[in-house]
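J.: Kindly generate the corresponding structure for this input.
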Amino acid sequence: MYSYGDHMSGWGYALGIISMVLLWSLLVLAIAAAVRYLGRSRRESSPPPPSAEQLLAERFARGEIDADEYRQRLGTLRQAGHPAPPGTGC
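T.: Sure thing, here's the model as predicted:
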């Protein structure tokens, strides 16, 4: 069966090394794919973060700020979203 008595030939060692490298590669790839799949499903299920206007409305609803401060800050937020045209000095 073996060309060297009861020892493996060079081809037996090569086949063993190649199969072991393939086994470990497949195992690492399977673990990486599982981690990536589980991470993606968690990100898709989480709600998007609230906008600045939503946070401001929540603070107003809780009574942390009054109506004047709410209007002032809301105006500031909306101006920041739409910058002034160039040449207006702002």
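J.: Using the three-state scheme, assign E64.
T.: For E64, the reduced secondary structure class is coil; criterion used: DSSP: H, G, I helix; E, B strand; the rest coil.
J.: Retrieve the pLDDT associated with it.
T.: Confidence at E64, expressed as pLDDT, is 94.
J.: Could you do P49 as well?
T.: Among the per-residue scores, P49 holds a pLDDT of 85.
J.: Show me how this structure divides into domains.
T.: As given by automatic domain parsing, the domain ranges for the chain are 7-46, 52-81.
J.: Now render those domains as CSV, adding mean neighbour count.
T.: C-beta here means a position set from N, CA and C on the backbone, and glycine is covered the same way. Conversion of the domains of the chain to CSV gives the following (neighbours: other C-beta atoms under 10 Å):
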stretch, mean neighbour count
domain 7-46, 10
domain 52-81, 12
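J.: and those, which one is worst for confidence?
T.: In terms of mean pLDDT, the lowest-scoring of the domains of the chain is domain 7-46 (a mean of 86).
J.: so what's E53 closest to, chain neighbours aside?
T.: Distance criterion C-beta to C-beta, 6 or more residues apart in numbering; nearest residue to E53, sequence neighbours excluded, is L77 at 5.9 Å.
J.: what helix or strand does that neighbour sit in?
T.: helix 67-81 (DSSP states H and E).
J.: Just the C-alpha atoms of that helix, please, in CSV.
T.: Backbone C-alpha positions of helix 67-81 (Å, rounded to 0.1, in the frame of the first residue of the first chain) are rendered in CSV as follows:
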residue,chain,number,x,y,z
ALA,A,67,-42.2,78.1,23.2
ASP,A,68,-40.0,81.1,22.5
GLU,A,69,-36.8,79.1,22.9
TYR,A,70,-38.3,76.3,20.8
ARG,A,71,-39.1,78.7,17.9
GLN,A,72,-35.7,80.4,18.1
ARG,A,73,-33.8,77.1,18.1
LEU,A,74,-36.0,75.7,15.4
GLY,A,75,-35.3,78.7,13.2
THR,A,76,-31.6,78.3,13.8
LEU,A,77,-31.7,74.7,12.8
ARG,A,78,-33.7,75.4,9.7
GLN,A,79,-31.3,78.2,8.7
ALA,A,80,-28.3,75.8,9.2
GLY,A,81,-30.0,73.4,6.8
